[in-house]
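Peer 1: turn this into a structure:
(4 chains)
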2 protein chains.
Amino acid sequence: MQERSDTDGAERGRSVGRPRRRATIGDVAAQAGVSKATVSRVMNASRTVDPVIAERVRQAAADLEYRPSAVGRSLVLGRTETVGVVVPDLANPTFQELLRALSRAAAADDYRLLFADSSESPREEAILAADLRRHCDGVVLAAPRLPAEELATEVERLGPAVLYNRPGEPGSGAAVDYAGGILALARHLHELGHRQLVFVAGPSTSVSNRIRLAALREFETGHAGVRLQVVPGGVDFAAGYDAAEPVLATGATAAVAFNDLVAMGLLSGVHERGVDVPGQLAITGFDDIPFSGYTTPPLTTCHTPIEAAAHACWAHVRALLAGEEPPPEVLLPVELRVRASTGGAAAAAG
Amino acid sequence: MQERSDTDGAERGRSVGRPRRRATIGDVAAQAGVSKATVSRVMNASRTVDPVIAERVRQAAADLEYRPSAVGRSLVLGRTETVGVVVPDLANPTFQELLRALSRAAAADDYRLLFADSSESPREEAILAADLRRHCDGVVLAAPRLPAEELATEVERLGPAVLYNRPGEPGSGAAVDYAGGILALARHLHELGHRQLVFVAGPSTSVSNRIRLAALREFETGHAGVRLQVVPGGVDFAAGYDAAEPVLATGATAAVAFNDLVAMGLLSGVHERGVDVPGQLAITGFDDIPFSGYTTPPLTTCHTPIEAAAHACWAHVRALLAGEEPPPEVLLPVELRVRASTGGAAAAAG
DNA sequence: TCGGGGGGTGAAATCGTTTTCTCTCAAGGC
DNA sequence: GCCTTGAGAGAAAACGATTTCACCCCCCGA
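Peer 2: Residues are numbered from 1 along each chain as shown, chains lettered A, B, ... in the order given. Here you go, the predicted structure:
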């Protein structure tokens, strides 16, 4: 047996020219003088194969530099061992960390990640998710901007799909407790004596923006003397920077920004206008991104446990893929981080 | 024709229970009363199909919510229309931007990206790249940490593979002109009167670190009176922060950091020790990441055109996938960004 | 009227795996 | 010595698409 083909051997040399055809399971089988079934068994560490033959197969595979085709495998197995991730904006450190943690969690289960950035566009979001889904076993949508009803049908249609930061909606895997966090910030500012607050809002398509705003409104009605104003903002540094003028125009003594990026932009913007922070204006962010502790002054913000979020989402995905009942949605607790941008507890003002 | 099966119709209802089996091309063919070949032709917009039949097929596909399986397609086509990307550390804004731009470029060609983070480990790098490669048509390795020889065989073995920031090595698609950039920084500092320089180094596995160091050494020997010292650093904020003490111990008047992250950490570290920047110590970074203009003081650095890098790499990938001769390596020009952390041109010191 | 040509369609091969299912053979129990 | 059992291995049928090839049929020109 084991008739070797000379032409194959020749073609397989390190000819730099054309990319040599990759060896298939059939090639290995022929080279080792066994059937494809046996090669498959060896490759998948099945116990029912003669050690001598197994070794011969392994040798042949090594000689031919055989790498099993994931596509062929996926077709018969019915799964790709890949999941897709769609984020609204990778420029946001929050989503970077999420992607990283998610990729790590997936890797631990021998899964890999398909990535897409929707640029904050709900339209793109649905299209990208559907496209990704065709190539993998499931998707996680990070802070999707789609309206609730559309999102629900989208989740239904996508099959295994889990949501991050869409609390209470079908498919939700984990969500940050924005209400709790924003309340903590508001209380902190209130204790410092601030009564005139201004919220630098995020995108109107963002559910978490609505949650933040609702929490602030509730705080306003619950505390006599507190007055809340709102100025449009956005999601990034530039948005905060551009909001400096409108914010100062409100006459508020404290600004609650949609997130750290916006807060840092605002900080930079008011700084340029000679406004003292926190003396004339206190500023808070959200997320506690890596740089927020190193701005001047350092930013008071809420720390969100992104790694925990990623793990919760992955656990959800895994359950769905295994056909099991997914765990209940995880509401991630946030932690107030008081820094100098609000003057700390000591530098309170009237 | 068009005999419809009631059981199928029933099973296909929106039963929330088990995930209904996805319709295949065969189902659509049966429903429309045509062959699979015709369905395929309609799906791929082949001109040679009767408009009436085409419409019937489209209707059937819509009814069944048919989504062509990418896996089946990939198997017969021999390509997945997916490429993998391996980065050393997604926490670095440079790689975030690269990933984003690359994903956008890929999307424009109807390709998607598989993502992996090697955590700066050369071991992981090779493993991840090989794993990714099995699932896609090619890979791009961003600033790989593997030694040149190993990397070369790895690139050879991986098939279509392009390198970012490994100038001159086989498979290189694009690389930043670190030598030119670091020289511009050195000249800038020299003009300001600085003679005692200290380099806060990056990882020893980083080729671009060696390039930076070599350029500085060359500058040192080429300019009488200039003295260069080196302290170990790293790749992130913490590394720069921890380098504060060693840097100050050298007595140097200007510190050239491996990148912006390290520079910002250093800035923070020396700031805590009451050192004035740039009065007592000038600091430069590299990359011009989004925040570098907003530290206190803002960071003098070199801007690197990441988007151009991504496009060059993608062009390389695309050529490789099409079996064409890839374009020559692109050496990306950098731009000096003078800001307050070196005192600008005016605040020169002796 | 016949031949040729071309447009529209379907049957079947193909891609690279995994997994029944079948078969062989050797060992062990009665 | 016969029958059962089980282990090891191969042939073949999936999986879901694309594409070659052959076929049919209609129309046109001679």
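
Peer 1: so which residues of chain A form helices?
Peer 2: When secondary structure is read from DSSP state H, chain A shows helices at A:6-11, A:25-32, A:36-43, A:51-63, A:70-77, A:93-108, A:122-134, A:148-158, A:178-191, A:207-222, A:237-242, A:244-250, A:260-272, A:306-321.

Peer 1: what about the closest residue to residue A:306 other than its chain neighbours, neighbour count?
Peer 2: The shortest distance from residue A:306 to any non-neighbouring residue, by C-beta to C-beta, 6 or more residues apart in numbering or on different chains, is to residue A:97 (4.3 Å). C-beta here means a position set from N, CA and C on the backbone, and glycine is covered the same way. The number of residues packed around residue A:97, counting by other C-beta atoms under 10 Å in any protein chain shown, is 20.

Peer 1: per-residue pLDDT, residue A:97?
Peer 2: At residue A:97, the model reports a pLDDT of 94.

Peer 1: then the one 4 residues further on?
Peer 2: Turning to residue A:101, the model gives it a pLDDT of 96.

Peer 1: test my guess that it contacts residue A:312.
Peer 2: No - applying C-beta atoms under 8 Å, one finds residue A:101 not in contact with residue A:312, separated by 10.4 Å.

Peer 1: between those two, which is the more surrounded one?
Peer 2: Comparing residue A:101 with residue A:312 by neighbour count (other C-beta under 10 Å), the higher total belongs to residue A:312, at 24 against 20.

Peer 1: how far away is the residue nearest to residue A:306 from DNA strand D?
Peer 2: Taking C-beta to the nearest atom of the strand, to the nearest Å as the measure, residue A:97 and DNA strand D are separated by 36 Å.

Peer 1: in contact with that residue, which residues?
Peer 2: A:306, A:307, A:310, B:91 (C-beta atoms under 8 Å, 6 or more residues apart in numbering or on different chains).

Peer 1: the third one - how many residues pack around it?
Peer 2: Residue A:310 sits with 26 neighbouring residues when counted by other C-beta under 10 Å.

Peer 1: now swap in the second one and tell me
Peer 2: Per other C-beta under 10 Å, the neighbour tally for residue A:307 reads 15.

Peer 1: the contacts of residue A:97: which two are farthest apart?
Peer 2: The widest separation within those, taken as C-beta to C-beta, falls between A:310 and B:91 and amounts to 13.9 Å.

Peer 1: so what's in contact with the two at the same time?
Peer 2: A:97, A:100.

Peer 1: can you pull the contacts of the residue lying closest to residue A:187 once chain neighbours are set aside?
Peer 2: With sequence-adjacent residues excluded and distances taken as C-beta to C-beta, 6+ apart, residue A:187 is closest to residue A:219, at 7.8 Å. For residue A:219, the contact set (C-beta under 8 Å, 6+ apart) comprises A:182, A:183, A:186, A:187, A:190, A:226, A:228.

Peer 1: not counting its neighbours along the chain, what's nearest the second one?
Peer 2: The spatial neighbour of residue A:183 that comes closest, neighbours along the chain excluded (C-beta to C-beta, 6+ apart), is residue A:215 at 5.4 Å.

Peer 1: using PDB, list the CA coordinates for stretch A:183-198.
Peer 2: These are the backbone C-alpha positions of stretch A:183-198, laid out as PDB (Å, rounded to 0.1, in the frame of the first residue of the first chain):
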ATOM      1  CA  LEU A 183     -28.100  58.600  40.800                       C
ATOM      2  CA  ALA A 184     -24.900  58.100  42.700                       C
ATOM      3  CA  LEU A 185     -23.300  60.900  40.700                       C
ATOM      4  CA  ALA A 186     -26.300  63.200  41.300                       C
ATOM      5  CA  ARG A 187     -26.400  62.500  45.000                       C
ATOM      6  CA  HIS A 188     -22.600  63.200  45.100                       C
ATOM      7  CA  LEU A 189     -23.100  66.600  43.400                       C
ATOM      8  CA  HIS A 190     -26.100  67.300  45.600                       C
ATOM      9  CA  GLU A 191     -24.100  66.700  48.800                       C
ATOM     10  CA  LEU A 192     -21.500  69.100  47.500                       C
ATOM     11  CA  GLY A 193     -24.200  71.700  47.300                       C
ATOM     12  CA  HIS A 194     -24.900  71.800  43.600                       C
ATOM     13  CA  ARG A 195     -28.500  72.600  42.700                       C
ATOM     14  CA  GLN A 196     -28.200  73.700  39.100                       C
ATOM     15  CA  LEU A 197     -27.400  70.700  37.000                       C
ATOM     16  CA  VAL A 198     -26.900  70.300  33.300                       C
END
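
Peer 1: if I look at residue A:182, what pLDDT would I see?
Peer 2: In this prediction, residue A:182 carries a pLDDT score of 96.

Peer 1: how many residues are close by the residue of the stretch 251-350 of chain A found nearest chain B?
Peer 2: The minimum distance from the stretch 251-350 of chain A to chain B, using C-beta to the nearest C-beta, falls at residue A:296 (3.9 Å). Around residue A:296 there are 17 other residues, counting by other C-beta under 10 Å.

Peer 1: surely it and residue B:296 touch.
Peer 2: Yes - under the criterion of C-beta under 8 Å, residue A:296 is in contact with residue B:296, at a separation of 3.9 Å.

Peer 1: for the spatially most central residue of chain A, give its distance to DNA strand C.
Peer 2: Within chain A, the residue whose C-alpha comes closest to the C-alpha centroid is residue A:98; the distance, by C-alpha atoms, centre = their mean, is 3.6 Å. Note on residue A:98: its distance to DNA strand C, by C-beta to the nearest atom of the strand, is 32 Å.

Peer 1: hmm, that residue is touching residue A:87, no?
Peer 2: Yes - here residue A:98 lies in contact with residue A:87, judged by C-beta under 8 Å, at a distance of 7.1 Å.

Peer 1: circling back: quick one, which of the helices of chain A is packed in tightest?
Peer 2: Across those, averaging neighbours per residue (mean count of other C-beta atoms under 10 Å in any protein chain shown) puts helix A:260-272 on top, at a mean of 24.

Peer 1: contacts only, for the residue nearest to residue A:183.
Peer 2: By C-beta under 8 Å, 6+ apart, the contact set of residue A:215 is A:178, A:179, A:182, A:183, A:186.

Peer 1: and the pLDDT at the spatially closest residue to residue A:59 that is not a sequence neighbour?
Peer 2: Spatial nearest neighbour of residue A:59, excluding adjacent residues (C-beta to C-beta, 6+ apart): residue A:32 at 7.4 Å. In the predicted model, residue A:32 carries a pLDDT score of 91.
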